[in-house]
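# have a look at this fold, sequence not included:
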């Protein structure tokens, strides 16, 4: 099988081209920054959802727990997505 980027032969069981992998290094700092960006976006989105939800329902029973868990869930989801995207964004 041939690499689509460099055109050299690659073993069939290879996940990445052994000839191109040297160019595709990403640092741990870049992965952490990607996770933090994703987490911040997720937290912002979660807080926006909670603000809208509290505007409609005020602090009724059960809404307090939802208002707490939504930002936590969106932050965690954003953090994971940010880490994965940063790891996949080969430079």
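Structure's in. What do you need? Computed from a prediction, not measured in an experiment: that's the story for all the values here.

# residue 83 contacts residue 36, doesn't it?
No. With contact defined as Cβ atoms under 8 Å, residue 83 does not count as touching residue 36 (9.2 Å). From N, CA and C alone the C-beta is placed, and that goes for glycine too.

# have a look at the two and say which one is more surrounded.
Each of residue 83 and residue 36 has its neighbours counted (other Cβ atoms under 10 Å); residue 83 has more, 19 against 15.

# so residue 46 sits in a helix?
Yes. Under DSSP: H, G, I helix; E, B strand; the rest coil, residue 46 falls within a helix.

# residue contacts, the residue nearest to residue 57 when sequence neighbours are not counted?
The shortest distance from residue 57 to any residue that is not its chain neighbour, by Cβ to Cβ, 6 or more residues apart in numbering, is 5.1 Å, and that residue is residue 63. Taking Cβ atoms under 8 Å, 6 or more residues apart in numbering as the criterion, residue 63 is in contact with 53-54, 57.

# ditto for residue 35
79-80, 82-83, 86.
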